[in-house]
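Asker: My questions are about this predicted structure, shown below with the sequence.
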Amino acid sequence: MPSITPSLWFDGKAEEAAAFYAAIFPDSRIDRVLGAPADNPSTARGEVLVVELTLCGQRFTGINGGPQFPFTPAVSFCIECDGPAELDRYWEALTADGGEAGQCGWCRDRFGLS
């Protein structure tokens, strides 16, 4: 059966973001980190290009693609919570260190992901 893996485009911080998310959400981990080949236009050879990660059991790929395509609220993730305490914990973690509150209960983390 085919599967779909969402790919998240970062400006050089895919590994940092993956570690951040894996530390916040249960059943989460970094699965693999891949360095860039010599001919990659956005990332120097050997620097992190791709991070494969699992968040809450869902596979994702993070790519260090450069500044061309920043995140927008057009693609957002909804987190189902068991109650106010869990919601508050996620909110505090996601808005810390440069994240910000948005309208209608949305927030943006320090990497720009809503």
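Answerer: Cool, got the structure. Since we're looking at a predicted model, the values are computed, not measured.
Asker: so who does E47 touch?
Answerer: When contacts are counted by C-beta atoms under 8 Å, 6 or more residues apart in numbering, E47 touches 35-36, 64. C-betas here are computed from N, CA, C, even on glycine.
Asker: Could I get the CA-only coordinates of the helix or strand that contains F60 as PDB?
Answerer: Here F60 sits within strand 58-64, counting by DSSP states H and E. Extracted in PDB, the C-alpha atoms of strand 58-64 (Å, rounded to 0.1, in the frame of the first residue of the first chain):
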ATOM      1  CA  GLN A  58       3.800   9.900  11.200                       C
ATOM      2  CA  ARG A  59       6.800  10.000   8.900                       C
ATOM      3  CA  PHE A  60       8.100  13.300   7.700                       C
ATOM      4  CA  THR A  61      11.100  14.500   5.700                       C
ATOM      5  CA  GLY A  62      12.900  17.800   6.500                       C
ATOM      6  CA  ILE A  63      15.000  19.300   3.700                       C
ATOM      7  CA  ASN A  64      17.500  22.200   3.900                       C
END
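Asker: Neighbouring strands - and their directions - for that strand?
Answerer: Next to strand 58-64 in the sheet, as set by DSSP bridges, lie strand 7-10 (parallel), strand 48-55 (antiparallel).
Asker: Deepest-packed of those, please.
Answerer: Counting by mean count of other C-beta atoms under 10 Å, strand 48-55 has the highest mean neighbour count of these, with a mean of 20.
Asker: what comes into contact with that one?
Answerer: Residues outside strand 48-55 that contact it (C-beta under 8 Å, 6+ apart): 14-15, 17-18, 21-22, 25, 27-37, 40, 42-43, 59-64.
Asker: Identify the residue nearest S76 in space, chain neighbours excluded?
Answerer: Excluding the flanking residues, the one nearest S76 by C-beta to C-beta, 6 or more residues apart in numbering is S114, at 3.9 Å.
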